[in-house]
Structure formats: C-alpha cells, structure tokens
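Trainee: Next comes the sequence, and after it the predicted model I'd like to discuss.
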Amino acid sequence: MDRNLALNLVRVTEAAALESARYLGRGDKNLADGAAVNGMRKMFDTLTIDGVVVIGEGEMDEAPMLYIGEQIGKATPGCVKLDIAVDPLDGTSAVAHGKSNAISVVAVAPRGCLLHAPDMYMNKIAVGPKVKGKVHLDMPIEEIIKVAAESLNKSISDITVTMLDRPRHEKMIEEVRKVGARIKLFKDGDVAAAIATCFENSGVDILLGIGGAPEGVIAAAAIKCLGGDFQGRLHPTNDGEVERCKKMGISDVNSILTMEDLVKGNEVIFAATGITNGELLKGVVYYENNRAKTYSVVMRAETGTVRFIESIHRLDKKPDYAK
Amino acid sequence: MDRDLALSLVRVTEIAAIVSGRYMGRGDKIGADQAAVDGMRAAFSLVNTRGKVVIGEGELDEAPMLYIGEEIGRGLNVEADIAVDPLDGTTLVAKGLPNAMSVIAMAPKGCLLKAPDTYMKKIAVGPKAKGAINIDASVEENLHNVAKALNKKISDLTVIIQERDRHKDLIEEVRRIGARIKLFGEGDVAAAIATCFEDTGVDIMMNIGGAPEGVIAAAAIKCMGGDFQGKLMPFSKEEMDRCRQLGWTDERLSQNMCIEDLVKGEDVFFAATGISDGDLLKGVVYYEDNLAKTHSVIMRAKTGTIRFIEAYHRLNKNDILVELLRKHR
C-alpha cells in the first residue's frame, strides 16, 4: 500500500473530528455522529483508492453513508483495492454529553484482509506488546492477570484492567477485585480503551469484556500496528444473530478469532483523531481567527512507524474537502 | 502541488535527522553533515515529485550530492524548486548543542529565489507583526513598530541575533533601546522560524547570515503567515563575483527583498525535523529495541495547515534506514 495513505487517513479522521466536535455537549448523539460521518465521507471522496467499507455505520438500509459494502474513493484503473473499517465517532454519547475519550477512527488493509464482523457483541481481550502471545481468551481471569504482571514486571496490585461499565460485567469485576488488580471502567469508546493497553503511559494493561464486534476488528488493526495482542469471540444473543454469523462466512461462532483472523497480514494502516480529551489523544480545540487544533495518531504495521500528529488548521483556508 | 508531498517531505527530514543524530557530540562536523546529506538524498528517492535543487550543499564541484542544479525525486519532468539544508547547525550536532535541525522547502518550478551563497541582512517576525517591519528603517523604529503590533512593552520584546562580531553594534543598539536579546551560535533557519510561534518567546529576528538559509526561512514563514525581509550583503570580492555571475547588478543588490521576492506564490511546503533539542522541535531520541523518536513540523502555505509530528521509527524495519545506519553508526 502507498505510504502516503498514512497522512491521507489522518486527513479523513481529522475531518470527521473537526465536524463532530462542533456538537460537543449539545446532548444529541445523532447529530454528532452524522457530522462525523459526513466529514469522513467527504474527505474519503478525495482519495485515489478503490475502497469498500467492511465495517461501517450499518447495513445499506440503516445508514445513508459509510454503510457496509459502500464503494469509497476515486478509483482509477490499477489503483489499490482496499478493505475499509471505520468508526467515524467512537463514543457518540461522550460527544453528546461533553465527556472524554471520543475519537474518530479508520483502519485499512488490502482487499480481503479485514474480517467482515457482524454487528453484534464480541468477547474480547487486548494486551500490549510485552504480554503478546502469553494470554488467551479462555484463560481464567486470575491467570491472565498473573501472566500479565509477570510479563510487565509489575505486581498484581499495579495491574490495571479496563472494561466497559455495563451490568453484564459485574461478575468479571468481582473476579478482578478478588485477584487484587486495579480496574478502570469506561462508559463509551471501546476502540480507544483497547488501544490504550499498548501505551505504557495510559496506565492500562489489559482490556477484558464484551463490546461491539465491529469495534473489535478496528481495535485489532491498531494493536497489530503496535505489536500488541487481541483475541475475540463473537457473542450472539439470539438465533437470528447466529444465522447472521453463518451468512457472513463464520461457520463456528464459538471459535476464538485470533489477530490473524481479524486482520490478515501486516499491510495495515490505522488512524485516529481525538474529538474529546482522552488517554491517548487530546480533543479538538477551536481558536480565534478560524483556527482549530487536532491531535491524531497514525500507524503502519509494515514498518512499525507510529506518528502522533498535532495539526493546526485554518478553517477559513481549508477548501471544502478538495485541496 | 500534491498534498501528499507533506508526509513525503517529513520522511526526508526525519531520515536525515535520524542518521545525522548518530554524530551528536562526536566533534565531527563533516561526518554529521555528510550523514544528513546521505539521509536526505536517499529518502528523496521515495518522493513522487521531481524537482531541481536551487538551494543546496553548494555548486556541483563542491558537493557530490544535493548540489545546485541536481534533479531529485521520482518522475520524468522537473515540476518543483527544492531548497534544502540537510543539517542547519553542523557544529551544534558535533558539539551536542541545542537547535540543530534538518530542513527542506519546496515550491513549483521558478518560485524559489536562486540566492547566491553570500551574506544576507534579514529581519523576521510572526503573523501578528506582519507588515510592521522594514529592513531599511532603524533598529529603533522596527522594535517600536513590532512592540506596538504585538501589544507588548519594548522590555518584553525578545530579539534573536546570531552571536558574531559583525553584530556587536546591533546588539548594543538593541540593549540601548531596552529590548531583550537571545543570542544563538548557529542555526539561522530555526531562529527565524521561532518568531512565528508565541511559545518560543522570540518576537523578532535581526541578523546577517547566509542568503540560502534566508530563502528557506522565508518559505517557512510564508506558510505561517509571518513576515520576512532580506537584502544581499556580499562581504568579500569572492562573494561579489558570485552575485555578479548570477546576474545581480548593483541596483538589484541594493533592493529590499520581501517574502514574495524570495518565495513566490502560495503553493509552498516546508518541513523540518529536530536533530538536537531546540526552541521549536525536540531532537532525535534513540531508545532500546531499535526504536527512535523524531519531532517534526510540516506546513503548507496554501491551506495554512501546520502539523507537528512525533514519530516512533523501527530502525530495523525500514530498508533505507538500515542501509544508511550501516554507514553512519
């Protein structure tokens, strides 16, 4: 894949963030999400790629833009064919209520390399590079924490497990407490939380629990670039969902999906821009004279390069997603 | 020019910085510069725009790479002018002093002034003081006008000047007027750019330094909306001959050049990567496990976007770097 795609993907998440952040605290999830989708889509339209959305805003009948199967970019003969996974706004209620950790994310890989995950729950585990290959989803929680502590050269009481703040995790929370590790709960922003395990400064070591399957694929793409580890297992809650898995080519819904199942190969690029302040990225700030600042990260598995990009935009000079 | 140039140019200065940074404190100016040149030249093979070097390492007989007139980058036709300073501050790296960086500017063919390698009198300020400078006016007049534009007292104003004997009178004059002074040893481009960022604490640059560096600084300042004026000042007969060869008559030499004379139009890119820690950019840090961190800035006048990029590089995963670091350990 073209290495210049890296900055172009940042342009895509920046555009989504700049549009969406306008709706900070307005209490309207749909407006914030719609703005992110709109910004992302318009910037995507300027890229010379032959992309297909595999993880997006839903099925074609549910979403007007960035729906699953949508063709993206200005395809030219011979240009690279890509799978695209997007979450224009990871943390809709965070933006609606002016809370932290909302980001805009995109992951791309060559056609056929990203799992077409159905829109349902997924049981997940994510860890950073130092714990890679040492834990798996079916290990007892106690063992996961012990192995992580050993690999990170930390005591168990220094290990921080992060999970979504949901009633379904009550038992897991109790178990983690019994082992003696710390817990950080989050309300929203599944992708950001998983990625945090790969950055020492985030203070988060392990992500556990049940969240969205599409977000799992996006998180796996980022974690692959960072050299961490991720595993998931689909968690259908009714027969209809089991059927859907089968239709999407997942025959055994109970099998563990490894990193390679979720994201094949190492030609992966992941980009994210902060919308509200988070552990990894700061949110959008609007300044005087039509200026705004964004914080983004872009990474590429092939070379292992990770770039943090602080950009100052001139909103009056920026053309409408053209230049 | 294509917006994809932005990241391509950062890769060029990043690689130059990573390779040159190996010479930090080794007392080897020439080695540090050669490493930066090798890095920049090798990285340019990935740039998808072909350009001609108009500001470089010298004439063809003085420099084997990045010499004036050399065509670099992919493509069949030369579309751009390129101005490079692979290592701005050679002795800074050699001695491990702050403010060394690697810089590049690019604009469409014919838009960058082919400045002769001679001295230039320069004055530079940030966006808020744009239009408040005049290189032909007195130091006092300039300082007063800039202070007024920035809504600062003269005693809060900081002038950055290179520490050289030729600036003795200038320094005395600034002190008499009552402004603060920050002296720098080397790194002319970095000093000029610092005026455009409030956090650097530098408000105005007044200096007599290299003319080629003046063009590069003007490109950056154009991207940031600041202001720059320059006037060529050939000191020796040799420098005067060089000016004559490039067609500079007495009349042209006496002219005050504004930013538009140095860098035409708005289609300008500027990229820089820190080699040693500086006012604007941090230097290269080498970590365990073949990891290195660089801090860069890339700007584009057309859109006014300024991006600071902190990048973590896997030194063993990038073929170009592996090759370069074999030579420059």
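Mentor: Thanks, I have the structure now.
Trainee: Mind checking which residue lies nearest the centre of the chain?
Mentor: Since no chain was named, I'll use chain A. Nearest residue to the geometric centre of chain A (CA atoms, centre = their mean): residue A:191, 3.6 Å.
Trainee: please go with chain B instead
Mentor: Centre-most residue of chain B, counting by CA atoms, centre = their mean: residue B:189, 3.4 Å.
Trainee: Which residues does the host helix or strand of that residue contact?
Mentor: Applying DSSP states H and E as the criterion places residue B:189 in helix B:188-194. For helix B:188-194, the surrounding residues in contact (CB atoms under 8 Å, 6 or more residues apart in numbering or on different chains) are B:85, B:88-89, B:99, B:101, B:103, B:122, B:124, B:160, B:162, B:184, B:200, B:202, B:205, B:207, B:209-210, B:213-214, B:216-217, B:220-221, B:224, B:228, B:272, B:278-280. C-beta coordinates here come from the backbone N, C-alpha and C atoms, glycine included.
Trainee: Try it again at 7 Å.
Mentor: Contact partners of helix B:188-194, identified using CB atoms under 7 Å, 6 or more residues apart in numbering or on different chains, comprise B:85, B:88, B:99, B:101, B:103, B:122, B:124, B:160, B:162, B:184, B:200, B:202, B:205, B:207, B:209-210, B:213, B:216-217, B:220-221, B:228, B:278-280.
Trainee: So for it, what gets flagged as buried?
Mentor: B:188-194 (16 or more other CB atoms under 10 Å in any protein chain shown).
Trainee: Now the lowest-mean-pLDDT helix or strand in chain A: buried residues?
Mentor: Ranking every helix and strand in chain A by mean pLDDT, DSSP states H and E puts helix A:239-247 at the bottom, with a mean of 86. Across helix A:239-247, burial judged by 16+ other CB under 10 Å covers A:241-242, A:244-245.
Trainee: Please, which helix or strand holds the closest residue to residue B:84 other than its chain neighbours?
Mentor: Spatial nearest neighbour of residue B:84, excluding adjacent residues (CB to CB, 6 or more residues apart in numbering or on different chains): residue B:104 at 5.0 Å. Following DSSP H and E, one finds residue B:104 within strand B:101-108.
Trainee: Counting by contacts, list what that strand packs against.
Mentor: Strand B:101-108 is packed against helix B:5-20, strand B:80-88, helix B:211-224, strand B:269-274, with contacts defined by 3 or more CB pairs under 7 Å, 6 or more residues apart in numbering or on different chains; DSSP states H and E.
Trainee: Show me where chain B has its strands.
Mentor: B:51-55, B:71-72, B:80-88, B:101-108, B:119-125, B:158-162, B:180-184, B:204-210, B:227-232, B:257-258, B:269-274, B:285-286, B:291-300, B:306-314 (DSSP state E).
Trainee: okay if I get the ones you listed as JSON lines plus mean pLDDT?
Mentor: Putting the strands of chain B into JSON lines (pLDDT from 0 to 100) gives the following:
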{"stretch": "strand B:51-55", "mean pLDDT": "96"}
{"stretch": "strand B:71-72", "mean pLDDT": "95"}
{"stretch": "strand B:80-88", "mean pLDDT": "96"}
{"stretch": "strand B:101-108", "mean pLDDT": "97"}
{"stretch": "strand B:119-125", "mean pLDDT": "97"}
{"stretch": "strand B:158-162", "mean pLDDT": "96"}
{"stretch": "strand B:180-184", "mean pLDDT": "95"}
{"stretch": "strand B:204-210", "mean pLDDT": "96"}
{"stretch": "strand B:227-232", "mean pLDDT": "96"}
{"stretch": "strand B:257-258", "mean pLDDT": "96"}
{"stretch": "strand B:269-274", "mean pLDDT": "98"}
{"stretch": "strand B:285-286", "mean pLDDT": "96"}
{"stretch": "strand B:291-300", "mean pLDDT": "96"}
{"stretch": "strand B:306-314", "mean pLDDT": "96"}
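Trainee: need those strands in a markdown table with distance to residue A:143 and mean neighbour count, can you?
Mentor: Compiled in a markdown table, the strands of chain B are given as follows (distance: least, CB to CB, whole Å; neighbours: other CB atoms under 10 Å in any protein chain shown):
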| stretch | distance to residue A:143 | mean neighbour count |
| --- | --- | --- |
| strand B:51-55 | 58 | 23 |
| strand B:71-72 | 56 | 17 |
| strand B:80-88 | 53 | 28 |
| strand B:101-108 | 49 | 28 |
| strand B:119-125 | 62 | 25 |
| strand B:158-162 | 59 | 22 |
| strand B:180-184 | 58 | 17 |
| strand B:204-210 | 62 | 25 |
| strand B:227-232 | 64 | 25 |
| strand B:257-258 | 70 | 20 |
| strand B:269-274 | 45 | 29 |
| strand B:285-286 | 36 | 14 |
| strand B:291-300 | 30 | 23 |
| strand B:306-314 | 31 | 21 |
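Trainee: Need the ones you listed in a markdown table (columns: distance to residue B:38).
Mentor: Listed next are those as a markdown table, based on distance: least, CB to CB, whole Å:
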| stretch | distance to residue B:38 |
| --- | --- |
| strand B:51-55 | 15 |
| strand B:71-72 | 13 |
| strand B:80-88 | 9 |
| strand B:101-108 | 12 |
| strand B:119-125 | 28 |
| strand B:158-162 | 27 |
| strand B:180-184 | 26 |
| strand B:204-210 | 22 |
| strand B:227-232 | 30 |
| strand B:257-258 | 33 |
| strand B:269-274 | 15 |
| strand B:285-286 | 18 |
| strand B:291-300 | 16 |
| strand B:306-314 | 17 |
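Trainee: quick one: the strands in chain A?
Mentor: A:50-55, A:71-72, A:81-90, A:103-110, A:121-127, A:160-164, A:182-186, A:206-212, A:229-235, A:269-274, A:285-287, A:291-300, A:306-314.
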